[in-house]
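>>> fold the stuff below for me.
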Amino acid sequence: MTIQRIALYVAAVVVLATPTHGQSALRARLDSAIPPIMRTGDVPGLEAAVILNGKLVWTGAFGVRSAASTERVDPHTVFRAASLTKPLFAYLVLRLADRGIIDLDAPIVERLQYVAPTTDPRTRLITPRMILSHTSGMPNCCGPWALFADPGTTWEYSPIGFDWLGPMVERVTGMSLNDVAKREVFEPLGMTRSSLVWNDTLESNAAASHTMWGRAQQPTRPPDAELHTAYASGSLQTTADDYANFLIAAMEGRGLSARSAPLLFTPQVELATARSQRAKPTALTSRLAWALGFGVARTDSSTEFWQWGDAGNAKAFVIGDARRHSAIVYFANAQTGLTIAGNIVSLVFPGEQYPVEMLGYPSIDDLPRLARRAIVLAALDSGAAAGARRLERERAQHPERVTVFQLVAAAEALRDERKFDAADTVLSLAAHYWPDSADVPIAQGDLRLALSTNSAAAAAFYRRALRIAPTNTVAPARLRWALGDSTGRANPIALPPSDLQRRVGTYGRIHITVANGHLMQARGEDAPDAMVAIAPDTFVLEKDASMIVRFTTRDSLTVEGYAGDRLTGERTPITAAP
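Numbering: from 1, shown residues only. Next comes the predicted model:
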């Protein structure tokens, strides 16, 4: 432990141990330290709260709600909580369990008439306790729906599980999930600016989300079919002050029985043998476990609870010590919001950051990341030539920081920002510096797919990668994709309007509409993209060759990407507002 960390640790122990002394110094440190951390981390707006000894001792609101405006974040600004929803949902379920409405250890299918999209009989063994501790054997997301392990035998993070349990809560209570949350959590705990569904009043002072490089995405009204849909896995909108009210109640055990209250923080499963954690050091994974709702991290001096939230272009993080009734939570309106987690958490909880280490998000202090950031920002601000000049300067001054990995990552970032010329320039320089790297032509091929429909050019780059590295396993799959896309686009088919109209709907978080004689596909806040039919049930994006949309049944679809990723969705019927 460095001298600086020792000093912070001693200061934190003093603050945690004495309710009145040292708190003013802590508040001053938070107020002064957070803004520069946000600037280095490219976070436009942030809201945070600190609880010590069961009392809310500090809240902070920093920056702007949107980089496209001057509207400041204030204590009432609503942020996306993402997976910080999960512990709150677990608290809700425990309240229902205390009253006998839910049995934590009864198989869900006995109470919920819902058939999982798999015939695996093991799904009949899954219980609410398994869902809340991520031991259901259900997948994380976005892939073929299949159990990867026997329920109850190992840990694997599964938002899908929470969204399977959510409808059970609605079924056994006869209420919408948001109304149950109001009754069981929001109203009893004074969470007046929190909701699991779209709320026009809250959205009038909501933080926009931002891409990694600061492009604002204003909150947009969901389609009618999704307007009143709550997700137990991550649809909470809230403020730091509201969430602090929940944390205080949870740490006190308020609203829960003496039997249930400890379950939020008591380990139910160890992470050391989890499939997704096997590549990580045992010295790290042996410190980590999961309770019902929160993760658990054991340090040399305490046992901490924690959870992260990742909504893509909005992030959140909470960590605390339930025994000391102390915690810090923050919400950030940027894709980079978790790169600052270690820096912010250490202001209150110095020492080893096991949860941050487990997540593996790059730190704002990572020198290669800073070099990549300088290249990308130069290209975004002043064009491809400026990005190239900054790349050359960084490579001359810090050659150890400018690796082929960093340049490919920089090009991917520029591609995501639709700065294709700049991305192409960076990859051309990377090909010059590392002519024997197959990663560069693969990235150049991927760029051609995203450029629009240039899949033939993409195929040429994938072939080049195979000449460089004949045993490469990525290039052949990409090559097959590019050739198949090129063939499909060369033979589009025309479908009657009735065939298009019957596909319209919301499939999970994928929205399908019709405009100008085309099916349109949008995910989340993204703008709709026109699609071209290459078969009666198969479509490619008109201006993006990187994905295919397949309607697998009348009410379900699959979106497949060139990199092998897959997202499935079931159509949601349009319902009236409750």
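>>> what residue is smack in the middle of the chain?
Closest to where the C-alpha atoms of the chain average out (C-alpha atoms, centre = their mean) is Asp310, at 2.5 Å.
>>> now the closest residue to Val109 other than its chain neighbours: how far from Thr154?
Nearest residue to Val109, sequence neighbours excluded (C-beta to C-beta, 6 or more residues apart in numbering): Arg124, at 5.2 Å. Using the backbone N, CA and C atoms, a C-beta is placed for each residue, glycine as well. Applying C-beta to C-beta, to the nearest Å, the value for Arg124 to Thr154 is 18 Å.
>>> same question for Asp366.
From Asp366 over to Thr154 (counting by C-beta to C-beta), the distance is 31 Å.
>>> swap in Gly342?
28 Å.
>>> and for the helix or strand encompassing Ile319, what's in contact with it?
According to DSSP states H and E, Ile319 maps onto strand 315-321. Under the contact criterion C-beta atoms under 8 Å, 6 or more residues apart in numbering, strand 315-321 has outside partners 16, 51, 79-84, 87, 243, 247, 251, 297, 302-309, 326-332, 334-338, 341, 344-345, 349, 355.
>>> swap the cut-off to 7 Å and go again
79, 81-82, 84, 247, 251, 302, 304-309, 326-332, 334, 337-338, 341, 345, 349, 355 (C-beta atoms under 7 Å, 6 or more residues apart in numbering).
>>> in helices, which of the residues you listed appear?
Leu247, Met251, Ala341, Val345, Pro355 (DSSP state H).
>>> helix/strand/coil for the spatially closest residue to Thr173 that is not a sequence neighbour?
Nearest non-adjacent residue to Thr173, counting by C-beta to C-beta, 6+ apart: Val180, 5.2 Å away. The three-state assignment at Val180 reads helix, by DSSP: H, G, I helix; E, B strand; the rest coil.
>>> for Val180, give me its contacts.
Leu92, Val169, Thr173.
>>> can you read off the backbone torsions of the last one?
If I follow you right, that is Thr173. phi -100, psi -20 (degrees, to the nearest 10).
>>> a helix runs through Ala422, doesn't it?
Yes: under three-state DSSP, Ala422 falls within a helix.
>>> contacts for the lengthiest helix in the chain next, please.
Longest helix of the chain, by residue count under DSSP H: helix 23-40. By C-beta under 7 Å, 6+ apart, the residues outside helix 23-40 that reach it are 15, 46, 50, 52, 57-58, 60, 62-63, 340, 343-344, 347, 364.
>>> show me what counts as buried in it.
Across helix 23-40, burial judged by 16 or more other C-beta atoms under 10 Å covers Gln23, Leu26, Arg27, Arg29, Leu30, Ile34, Ile37, Met38, Thr40.
>>> output the following helix or strand past that helix as PDB, restricted to C-alpha atoms.
Downstream of helix 23-40, the next assigned helix or strand under DSSP H and E is strand 45-52. Extracted as PDB, the C-alpha positions of strand 45-52 are listed here (Å, rounded to 0.1, in the frame of the first residue of the first chain):
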ATOM      1  CA  GLY A  45     -22.300  14.900 -15.300                       C
ATOM      2  CA  LEU A  46     -22.300  13.000 -12.000                       C
ATOM      3  CA  GLU A  47     -24.300  12.700  -8.900                       C
ATOM      4  CA  ALA A  48     -23.100  11.000  -5.700                       C
ATOM      5  CA  ALA A  49     -24.000  10.400  -2.000                       C
ATOM      6  CA  VAL A  50     -22.000   9.200   1.100                       C
ATOM      7  CA  ILE A  51     -23.500   7.500   4.100                       C
ATOM      8  CA  LEU A  52     -21.600   7.200   7.300                       C
END
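>>> tell me which residues are up against strand 45-52.
So strand 45-52 is contacted by 15-16, 19, 23, 30, 34, 38, 56-65, 73, 77, 79, 207, 239-241, 243-244, 247-248, 325-333, 348 (C-beta under 7 Å, 6+ apart).
>>> who does it pair up with?
Its sheet considered, strand 45-52 pairs with strand 55-63 (antiparallel), strand 326-332 (antiparallel) by DSSP bridges.
>>> can you redo the ones you listed as CSV with mean pLDDT?
CSV is the format used below for these (pLDDT from 0 to 100):
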stretch, mean pLDDT
strand 55-63, 97
strand 326-332, 97
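>>> okay, those strands, which one's buried deepest?
Each of these was scored by mean neighbour count; the highest is strand 326-332, a mean of 27, by mean count of other C-beta atoms under 10 Å.
>>> relative orientation of that one and strand 315-321 in degrees?
180 degrees (axes from the mean of the first three to the mean of the last three C-alpha atoms, to 10 degrees).
>>> nearest to Asp98, of the contacts of helix 23-40?
Ranked by distance to Asp98 (C-beta to C-beta), those are led by Leu52 at 28.2 Å.
>>> tally of neighbours for the closest one?
Leu52: 24 surrounding residues under other C-beta atoms under 10 Å.
>>> check Ala430 too.
Neighbour count of Ala430, defined by other C-beta under 10 Å: 26.
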